[in-house]
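Novice: I would like the atomic coordinates for the input below:
(one chain, ligands or ions: 1)
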Amino acid sequence: MVEEKQPVLELQNVSVGYDSPAGMVQAVNDINLKIYENTIVGLIGESGSGKSTLGNAIMRLLKNNAVLTSGTIKVMGKDIYGMNKNELRKFRWSQMSMVFQSAMNALNPVLTIEEQILDVFLSHDKSMSKTEAKKKAIELMDIVSIDPRYLKSYPHELSGGMRQRVVIAIAIALDPKLVIMDEPTTALDVVVQRSILDKIKEIQRVKKYAILFISHDFSLVSELASRVAIMYAGRFIEVTDSKSLVHSERHHPYTQGLLRAIPHLTEDDVTIEGIPGNPPNLVDLPSGCAYHPRCPFAFDLCKKERPGIRHVDGREIECHLYDTVQGGV
Ligand SMILES: Nc1ncnc2c1ncn2[C@@H]1O[C@H](COP(=O)(O)OP(=O)(O)OP(=O)(O)O)[C@@H](O)[C@H]1O
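Specialist: A predicted model of the protein is given here:
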């Protein structure tokens, strides 16, 4: 019997809710996912679909009013919510790390880049000398293609793109197995965005990290990731290989809507088709499939029953339209 390789990240039936005055916000709803080493999985969805909440849940960095209502999260086989505080402190950043949304603005403005990088090394490895940490900081700057002389600079002396590279450097400083990147290039111009993406690809090739790359930009994710999870109202409504996003028709109606929303340049026009309607209220989700009020193909069953996962051409799709082999859209 062939033994299955251990995934770097394994999510089993993960649900997360926020306690709010209006009721429980079901931000993440029954998520299953495995990511193996040397793999980038993209996570895509409209604003408010639960992407950041899932990232924060994996890191066990949920806000005070949020709770993991069900499921298990394992990184390198270790149950993140079964660890005590001390185990978690050692594990976080050394085995799993995260580049947060707008992280480049979260660098400490009164500390130099070097001080901030040294802090990561020295707080995790008490036996490391300052000289050794400084050497490692230089190596790290080299990896993210920043001249080491900037180690002596303060964050405001660096461009946005450079600050974002520093944040990525800090995230990979301890060589974790899993890196979660939450919109790491948002707020950067297209040219800088491209150079950061190329850098992420290059680092991943060398270091073989498992990366969960969160974004709302379909073209960016499908270029970077080998597999893509599409999130709607807290659920993965489709998990597919990224190549099929370009070449295939048979997707979840929501995925099709997102694909149509990508601008298409024609000779004299730019066409963008939005998805009519709004994402649902997560305190009071629609019955059945949460997408049914916006779905042009919805039929009676969609209102009544939440669809389970269907396997369609190697994709996992939660949609009643795919109940038969010939089915689907
Ligand atoms: N502290 C909070 N209290 C209550 N609800 C929250 C809280 N933080 C987030 N939410 C809700 O949880 C849902 C998921 O939010 P989340 O930030 O995870 O979405 P997202 O997909 O990452 O969005 P974006 O792309 O805008 O970052 C949203 O409906 C949001 O309003």
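Novice: strands of the stretch 151-300 of the chain, start to end?
Specialist: Remark: strands assigned in the stretch 151-300 of the chain by DSSP state E, counting those that start in this stretch are 178-182, 210-215, 227-232, 235-241, 264-265, 270-271.
Novice: so which helix or strand takes in the closest residue in space to Leu62 that isn't next to it in sequence?
Specialist: Nearest residue to Leu62 in three dimensions, chain neighbours excluded: Asn56, at 5.3 Å (CB to CB, 6 or more residues apart in numbering). For every residue, glycine as well, the C-beta is placed using N, CA and C. Using DSSP states H and E, Asn56 falls within helix 51-58.
Novice: orientation of that helix relative to strand 227-232 in degrees?
Specialist: 110 degrees (axes from the mean of the first three to the mean of the last three CA atoms, to 10 degrees).
Novice: contact partners of the helix or strand that helix 51-58 is followed by?
Specialist: From helix 51-58 onward toward the C-terminus, using DSSP H and E, the following helix or strand is strand 66-75. For strand 66-75, the external contacting residues (CB atoms under 8 Å, 6 or more residues apart in numbering) are 7-19, 27, 30-31, 53, 56-58, 60, 62, 79-81, 91, 95-96, 177-178.
Novice: just the mean pLDDT for stretch 15-32, thanks.
Specialist: For stretch 15-32, mean pLDDT rounds to 96.
Novice: buried set for it?
Specialist: 15-18, 25-31 (16 or more other CB atoms under 10 Å).
Novice: go on, stretch 216-227?
Specialist: 216-218, 220-222, 224-225, 227.
Novice: distance between the ends of that stretch?
Specialist: 15 Å (CA to CA, to the nearest Å).
Novice: same check, this time on stretch 58-75
Specialist: 8 Å.
Novice: next: stretch 92-104.
Specialist: Across stretch 92-104, first to last residue, CA to CA, it's 20 Å.
Novice: so what's the gap between that stretch and the chain middle?
Specialist: Averaging C-alpha positions (CA atoms, centre = their mean, to the nearest Å) puts stretch 92-104 11 Å from its chain's average.
Novice: what sits against Gly288?
Specialist: 301-307.
Novice: next: Ser287.
Specialist: 303-304.
Novice: need the pLDDT of it.
Specialist: Per the predicted model, pLDDT is 94 at Ser287.
Novice: ok, Gln326 next?
Specialist: 49.
Novice: just the pLDDT for Gly314.
Specialist: Listed pLDDT for Gly314 reads 85.
Novice: contacting residues for it?
Specialist: 240-241, 244.
Novice: just to revisit the earlier point, if we check the ligand, which of the buried residues of stretch 15-32 are in contact?
Specialist: Filtering the buried residues of stretch 15-32 for proximity to the ligand (criterion: CB under 6 Å from any ligand atom) leaves 18, 25, 27.
Novice: how about whichever strand or helix holds the last one as PDB, C-alpha atoms only?
Specialist: This points to Ala27. Element membership for Ala27 (DSSP H and E) is strand 23-35. Provided in PDB are the C-alpha atoms of strand 23-35 (Å, rounded to 0.1, in the frame of the first residue of the first chain):
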ATOM      1  CA  GLY A  23     -26.300  37.200  15.800                       C
ATOM      2  CA  MET A  24     -23.600  34.700  14.800                       C
ATOM      3  CA  VAL A  25     -21.800  35.700  11.600                       C
ATOM      4  CA  GLN A  26     -21.000  32.400   9.800                       C
ATOM      5  CA  ALA A  27     -17.800  33.600   8.200                       C
ATOM      6  CA  VAL A  28     -16.300  30.200   7.400                       C
ATOM      7  CA  ASN A  29     -18.500  27.200   6.900                       C
ATOM      8  CA  ASP A  30     -17.300  23.600   6.800                       C
ATOM      9  CA  ILE A  31     -14.100  24.000   4.900                       C
ATOM     10  CA  ASN A  32     -11.900  21.000   3.900                       C
ATOM     11  CA  LEU A  33      -8.500  21.400   2.200                       C
ATOM     12  CA  LYS A  34      -5.000  19.900   2.000                       C
ATOM     13  CA  ILE A  35      -1.900  21.700   0.800                       C
END
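Novice: that one to strand 235-241, inter-axis angle?
Specialist: On the basis of the same axes, to 10 degrees, strand 23-35 is oriented at 20 degrees to strand 235-241.
Novice: pull up the residues of the stretch 1-150 of the chain that are close to the ligand.
Specialist: 18, 20, 25, 27, 45, 47-53, 63, 65.
Novice: pick out the most distant pair among these.
Specialist: Gly45 and Asn65 (21.5 Å; CB to CB).
Novice: which one's more surrounded, those two?
Specialist: Neighbours were counted for Gly45 and for Asn65 using other CB atoms under 10 Å; Gly45 has more, 24 against 10.
Novice: where exactly do the helices run in the stretch 151-300 of the chain?
Specialist: 160-172, 190-207, 218-224, 242-247, 253-260, 300-304 (DSSP state H, counting those that start in this stretch).
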